[in-house]
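Colleague: prediction below, plus the sequence it came from.
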Amino acid sequence: MIKWLLAWRYFFKRPISILAVVAVALCVFIVLVVMTVMNGLLRDFKQKNHNYAGDCIIASDSLVGFGYYEDFTSILEEQPYIEAVSPMAKGVGLVHLKQYKWDSGIEIHGIDPLLHSRVTSFADTLHYQKQTPEDAFRPQYAPQSDGCITGIELIPLGRRKTDGTYLYHDKPMRMELVISAFPLNIKGGLLRSLDLVSTKSFYYSDDSHSGLVKVDGAVVYIPLEQAQILCGMDSPIKRISSLHIRFADGESVQSSVAKVRRLWDEFVAQNINKPGGSLFSNVRVQSWQQNRRSVIAPMEKEQIMMTMLFLMLGVITVFIVFVVLYMIISHKSKDIGILKSMGVSMSSILGIFLLFSIFIASTGSLVGSVLGWIFLYKINDLEDWLYKNHNWQLWDRTVYAIGDIPNQVAPEVLAIIVGSAVFACMIGALVPGLQAARKKPVQSLQVNQL
Amino acid sequence: MVIAIILGVCFGIVAHKAERSGVIWAFLTFLIYIATGILFYFVSNFLPSSISIDNVIVVAVIEVFIRVALSIFIAAGFLRGYFITILEALLCFRYLQHRRIVLLSMAAVALSCALLIATDSLFTGFINAVESSVSRHLGDIILEAPSGRTLTEYDTFIDSLCQTDTVKSATAVLSSQGLLLSAPGKVKTARIWGIELPRRLAVTPLHEALLFQKDKPAEQVGFAISDSPDAIGGIVGIGVLAQPDEITDAYDMDAVKGMLGQRMALTTGSMVQDRTNTDGSQPQFSRKVIKFNLADVAKTGVYEFDQSFVMLPIAELSKTLYPDKEPAANLIHIRLTAGADEEKAMAVVRGVWRSFAEDRFDWYGFVSITSAKQLNAQLIAEYRKQMTVLLFIFGLVSVGIILLVFCIFYLIVMTRRKDIGVLKSCGVSSGSVAGLFVLFGTVVGVVGAAAGVGLGWLIIDNINAIEQAIASVFGIKLWKASTYMFTQIPNTMHWGSVLWITAAGIIAAAVGSLIPAVAAARVKPVETLQYE
């Protein structure tokens, strides 16, 4: 009990403790704000990638793709833990937009829009056909023509507004896109040697806004069968580039991916000797995190680097707590001597100062967290105000694909920050605390020390 | 150095007149000037060769700044008649030697300064690299024809440009988009450039970037294929042919070298006619396929260029895309003479363009003439903003330094009350006692900031080695060209920011010592020296 009382008394009676509290509060405030924003951006980015890819992806590394996917899809659809499966044919191509005399390299994604919407959030990325994805490839102005959906950033029409949203017409504009691709045979060679390139016209029917810059700036979605023809995947064995899978609600992604991997291995063993069976060697079964690792990893690394930098600065907090404790102990040698002469143990003396450091950390963390939470709660309003009055944005939305600044404080992040603050304070208190505990009453209570 | 010595002697004379211990102080002042002179001589002579002349000038400015600041600091003290005595200086150094806790505040100042310097230098280096890479590889000024239009007789235009004082060289480019089939199953989108090789080498450092012909004299560099002289040769970016390793971010150079002379197919296209047909129908897009052999591989170190460019002779590309026209281009890349004013140069280019194109092209007014800096101006502005925000956040955390110095100095004042009482009982004024602690704080700031500059410089200078060490030990590649545009981390120290960061560190330490200094000044000897 005396430990608590003394620690409490030192905390309130020594004004210098306020400095340590201010230092802790400042660090907690800054780290909470920065980590919440960075964590929010990363979480948002991961979610967008998950929405784009589905839960599990069986994909070929080669543009040639792999065959017999319909058989394997049937097997997958029989599994109770699988909700839906969507095949995709991928290729690279060249698009020419007639009206604007504009051309660009693109990624062709051939999909069944309804199936793909069941596996991914594809329908949510559409603007005009959000509610009816089955009609996504049917241009409203030419329902009989083959439609295509372009990534919102692909055609540079300057539709992105300063707040990060896009300008849309009431109905899709009439645009004819001529798409060319190299059709590859099952060995990766050119399929039609006399006419190297396949070309077909499509009519713009909708935009897809996934929030992923590389996808929105390069992808054109066309019907699966058309993509197979353009890329030479229609014969002699129908091929695709990837199968996207959505698991049933409540199923663990990792364990379900492992089950799918086993099924795939069995399927490959049965079909490896069929024509085109060698293409299975290029196929990987991956969770969405593994599949999108190359784009997610750099952001995760940046977050880790930022955390390391803040850890270095957190060292200053340790120093401050150390000095404050050292100062208090140097002034309380008489008290410590009296306590020890009354029989208080070394560990109890150490406990007093560790408790004192915990009080500092708790109060500082509380103040920093509350201030950080208020700042985060108002951060978007503050940015709006700054933009309206001073034309200043934290991130220029015409450059970065970011909507609102993430401001949801994650409990686990807060817990880690507060835990780190307490730990840092205890580290700072350890050496002075030990010094106090090792003081000898006979020395600290002699008359020339008083 | 001479000026420094004269200043030192002058201040020494002032000191001699102001205080009894002036002769010693004059000597100390002289020593400080000599020491700063030697320090900056060392810094100037051992700066890495990568540091530009601008940075050397900045170092010189810092040197002058420090000397002037020292002079003002010392002179102000002497003029007020109470600031420094030899006793205070000795006490200051004695405290520095005997209070190990002071090292903590120095370490904090050093850590914060190093962090701010490293962050600022890395960001500034990156921004400069983005700015200069565009200028290096595209020229200082870019003239672009409107979409779907091409300019012919570009030789005449380039000759006219080169006759002006501001333009050093210029080259024409025919740009298009395409698909490259480099090997079975390997298809990639590509940006196709028809280039005129001799002129391009004068405008950009393409020669240095060529893997196979960089050792040849510039006039011998070409598209020729040794085995088949009639074949069309092409130069392809290394990233188009191969992907960098996941861990090391390095290309498999043996595999790339094995592709030399390999046959590749490129598909692109053009409009059959520029205008709406006479029957009212829309013009048709004509697809073209060009087969060429790999004549060389370009490795510029800029990811965007290496990852997308395929370069062919402009005459061949023009003949394929526009068979009915004489050689055409849609871009002119212009290199200015050294020191040319960009705004004036752009006006000159506009004038030359107008006189050249007015009678030739009805669309001449729609051409875009921009500087390389303008091309990335928005992105650069964003990077600068992000850097400012990051430095502000780190700066805010560094406010902790003030608190730390305050705590340490307060601790020293509290534990040295008897010393202060003795000093004051010997006749030392309150101002002198306060000055002692402010000087002490400033010295802590100076030493800490100097250590921080050294640490920051060490980090920046060895940043690529540090990154490689992390990659080899932990298998984590922190810097990838695909994410950060360049193969190497820019490692140029930004001396311009060192000045304000150092000043901020010293001021923070001095501010932190202010309240303890006042507390020390208010110590009453009669209270601190009584027996109880």
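Modeller: Thanks, I have the structure now.
Colleague: so who does B:Lys319 touch?
Modeller: B:Pro327 (Cβ atoms under 8 Å, 6 or more residues apart in numbering or on different chains). C-beta: built from backbone N, CA, C; applies to glycine.
Colleague: checking it next. Helix, strand or coil?
Modeller: helix (DSSP: H, G, I helix; E, B strand; the rest coil).
Colleague: separation between it and B:Ala469?
Modeller: 52 Å (Cβ to Cβ, to the nearest Å).
Colleague: what about the strands in chain A?
Modeller: A:56-60, A:66-67, A:82-97, A:102-111, A:147-151, A:176-181, A:198-208, A:219-223, A:239-240, A:242-247, A:283-287 (DSSP state E).
Colleague: which residues touch B:Ser160?
Modeller: Counting by Cβ under 8 Å, 6+ apart, B:Ser160 has contacts B:Val352, B:Ser355, B:Phe356.
Colleague: how does it look with 10 Å?
Modeller: B:Val167, B:Ala170, B:Val349, B:Gly351, B:Val352, B:Trp353, B:Ser355, B:Phe356 (Cβ atoms under 10 Å, 6 or more residues apart in numbering or on different chains).
Colleague: in terms of pLDDT, where does B:Ile5 sit?
Modeller: Note for B:Ile5: predicted pLDDT of 54.
Colleague: actually B:Ile158, not the one I wrote
Modeller: Looking at B:Ile158, the pLDDT reads 94.
Colleague: would you confirm that it contacts B:Ile334?
Modeller: Yes. Here B:Ile158 reaches B:Ile334: they are 8.7 Å apart, a contact under Cβ atoms under 10 Å.
Colleague: before we move on, back to that, let's have the strands of chain A in JSON lines, adding distance to chain B.
Modeller: Putting these into JSON lines (distance: least, Cβ to the nearest Cβ, whole Å) gives the following:
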{"stretch": "strand A:56-60", "distance to chain B": "10"}
{"stretch": "strand A:66-67", "distance to chain B": "12"}
{"stretch": "strand A:82-97", "distance to chain B": "5"}
{"stretch": "strand A:102-111", "distance to chain B": "3"}
{"stretch": "strand A:147-151", "distance to chain B": "14"}
{"stretch": "strand A:176-181", "distance to chain B": "5"}
{"stretch": "strand A:198-208", "distance to chain B": "6"}
{"stretch": "strand A:219-223", "distance to chain B": "12"}
{"stretch": "strand A:239-240", "distance to chain B": "12"}
{"stretch": "strand A:242-247", "distance to chain B": "16"}
{"stretch": "strand A:283-287", "distance to chain B": "14"}
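Colleague: now those strands as JSON lines including mean pLDDT?
Modeller: Below are the strands of chain A laid out as JSON lines (pLDDT from 0 to 100):
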{"stretch": "strand A:56-60", "mean pLDDT": "94"}
{"stretch": "strand A:66-67", "mean pLDDT": "92"}
{"stretch": "strand A:82-97", "mean pLDDT": "91"}
{"stretch": "strand A:102-111", "mean pLDDT": "89"}
{"stretch": "strand A:147-151", "mean pLDDT": "94"}
{"stretch": "strand A:176-181", "mean pLDDT": "88"}
{"stretch": "strand A:198-208", "mean pLDDT": "90"}
{"stretch": "strand A:219-223", "mean pLDDT": "95"}
{"stretch": "strand A:239-240", "mean pLDDT": "94"}
{"stretch": "strand A:242-247", "mean pLDDT": "96"}
{"stretch": "strand A:283-287", "mean pLDDT": "92"}
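Colleague: just put those in a markdown table and tack on mean neighbour count.
Modeller: Output for the strands of chain A, formatted as a markdown table (neighbours: other Cβ atoms under 10 Å in any protein chain shown):
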| stretch | mean neighbour count |
| --- | --- |
| strand A:56-60 | 24 |
| strand A:66-67 | 25 |
| strand A:82-97 | 24 |
| strand A:102-111 | 22 |
| strand A:147-151 | 26 |
| strand A:176-181 | 22 |
| strand A:198-208 | 21 |
| strand A:219-223 | 24 |
| strand A:239-240 | 26 |
| strand A:242-247 | 24 |
| strand A:283-287 | 19 |
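Colleague: ok, B:Val289 to A:Leu184 distance?
Modeller: 15 Å.
Colleague: same check on B:Leu478?
Modeller: 36 Å.
Colleague: among the two, which residue is more densely surrounded?
Modeller: A:Leu184 (24 against 19; other Cβ atoms under 10 Å in any protein chain shown).
Colleague: where does chain B dip in pLDDT?
Modeller: Across chain B, the ranges flagged by pLDDT under 70 are B:1-99, B:185, B:269-286, B:531-532.
Colleague: the longest strand in chain B is where?
Modeller: strand B:167-183.
Colleague: tell me which helix or strand comes right after that strand.
Modeller: Scanning forward in sequence from strand B:167-183 by DSSP states H and E, the next helix or strand is strand B:186-195.
Colleague: quick one, helices of the stretch 201-350 of chain A?
Modeller: A:213-216, A:224-230, A:253-271, A:288-291, A:293-331, A:333-341, A:346-377 (DSSP state H, counting those that start in this stretch).
Colleague: need these in JSON lines (columns: mean neighbour count).
Modeller: As requested, the helices of the stretch 201-350 of chain A are exported to JSON lines (neighbours: other Cβ under 10 Å):
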{"stretch": "helix A:213-216", "mean neighbour count": "17"}
{"stretch": "helix A:224-230", "mean neighbour count": "22"}
{"stretch": "helix A:253-271", "mean neighbour count": "15"}
{"stretch": "helix A:288-291", "mean neighbour count": "19"}
{"stretch": "helix A:293-331", "mean neighbour count": "19"}
{"stretch": "helix A:333-341", "mean neighbour count": "18"}
{"stretch": "helix A:346-377", "mean neighbour count": "20"}
